[in-house]
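The following comprises the amino acid sequence and a computationally predicted model.
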Amino acid sequence: MILVLFGPPGAGKGTQAAFLCKELNIPQIATGDIFRKHLKEGTELGKLARSYMNNGQLVPDEVVWDIVETRLAQDDCANGMLLDGFPRTVRQAELMLGWLDGQGRVLNAVLALEVPDEELVLRLSGRRTCRDCQATYHVAHNPPGEDGRCVRCGGEVIQREDDQEDTVRKRLATYHRDTSPVLAFFEERGYAHRIDGTGAIEDVTRRLRDALA
Ligand code: AP5
Ligand code: MG
Ligand code: ZN
């Protein structure tokens, strides 16, 4: 199964990907997580990505595609994958569909989470992220363990640099300008399912499962 989990910053892509990938036994490919891993390791790519990420802008398509193409060719993607945070421009979507086509593979569905902007700002300002495994938490809706550490791996739980409110506003503007056209692109081609991303986390998971069935 090859899936794209689509949606604005804070829509719950990472949160829901964790459930879906476990159930479907496919890897989660999250471009933002890949960039943050490079950032943590201090690579050149990490430094480049950071300059865009902390301004709420998109990393250039060529840089993103280089990384995604390499990642998709790895063995664990043979039975499918879930893309989280990719594609984010129509160009990226075209590159991905072209690549799949060349491999004789098909995209099964694009699950698009819809959440109003004001709710997104509330979610992102309260979000906390595991420094080690990137698991996401929320101070009110989904707190980390009692010791304040990651429930999954015991890592340190921190606030992402791009979750400051002014950067969140810039990320939303970038989403509306550059990324929302990708949804229309997938709808025209019959891939997209719009999913209400509001309400409890488990209700959203149920809607995603229903859409897949
Ligand atoms: P990325 O890491 O992908 O960030 P994003 O798209 O902005 O999305 P988020 O990770 O912020 O949100 P999410 O939808 O995963 O929500 P989450 O589950 O955490 O990208 C970061 C940056 O990298 C980009 O800005 C860009 O610069 C660059 N980049 C990445 N990919 C790129 C690409 N393809 N091309 C170019 N540049 C790229 O949930 C958010 C919070 O809400 C959490 O606290 C969670 O606990 C809470 N929550 C979740 N669901 C609910 C619910 N139902 N109710 C209440 N709270 C909830
Ligand atoms: Mg995420
Ligand atoms: Zn962790």
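That came through fine. Ligands and ions are numbered 1, 2, ... in the order given.

number of nearby residues for the spatially closest residue to residue 79 that is not a sequence neighbour?
Once its chain neighbours are removed from consideration, residue 79 has its nearest residue in residue 26; the separation is 6.4 Å (C-beta to C-beta, 6 or more residues apart in numbering). Bear in mind the C-beta positions are built from the backbone N, C-alpha and C, glycine included. Residue neighbour count, defined by other C-beta atoms under 10 Å, stands at 20 for residue 26.

so what's residue 26 up against?
Taking C-beta atoms under 8 Å, 6 or more residues apart in numbering as the definition of contact, the neighbours of residue 26 are 1, 3, 79-82.

Please apply the same query to residue 105.
Applying C-beta under 8 Å, 6+ apart, the residues near residue 105 are residue 2.

Please list the residues of the chain that sit near ligand 2.
Counting by C-beta under 5 Å from the ion, the residues of the chain close to ligand 2 are 13-14.

Tell me, how many residues neighbour the residue in the chain positioned nearest to ligand 2?
Here the chain gets closest to ligand 2 at one residue, residue 14, 3.2 Å apart by C-beta to the ion. Other residues within reach of residue 14, judged by other C-beta under 10 Å, total 20.

coming back round to it: and the residue nearest to residue 79, what element?
Element membership of residue 26 [criterion: DSSP states H and E] is none; it lies in no helix or strand.

Kindly provide the distance from it to residue 78.
Using C-beta to C-beta, to the nearest Å, one obtains 10 Å as the distance from residue 26 to residue 78.

Check residue 54 too.
In this structure, residue 54 and residue 78 are 35 Å apart, going by C-beta to C-beta.

How about residue 39?
29 Å.

of these two, who's got more company?
residue 39 (18 against 10).

Are the host helix or strand of the more buried one and ligand 3 in contact anywhere?
In the assignment (DSSP H and E), residue 39 maps to helix 31-41. No. With C-beta under 5 Å from the ion as the threshold, helix 31-41 lies outside contact range of ligand 3, at a closest distance of 11.5 Å.

Report the distance from that helix to the chain centre.
Chain-centre distance of helix 31-41: 13 Å, with C-alpha atoms, centre = their mean, to the nearest Å.

tell me the mean pLDDT for the helix or strand following it?
Under the assignment DSSP H and E, the closest C-terminal helix or strand after helix 31-41 is helix 44-53. Taken as a whole, helix 44-53 carries a mean pLDDT of 96.
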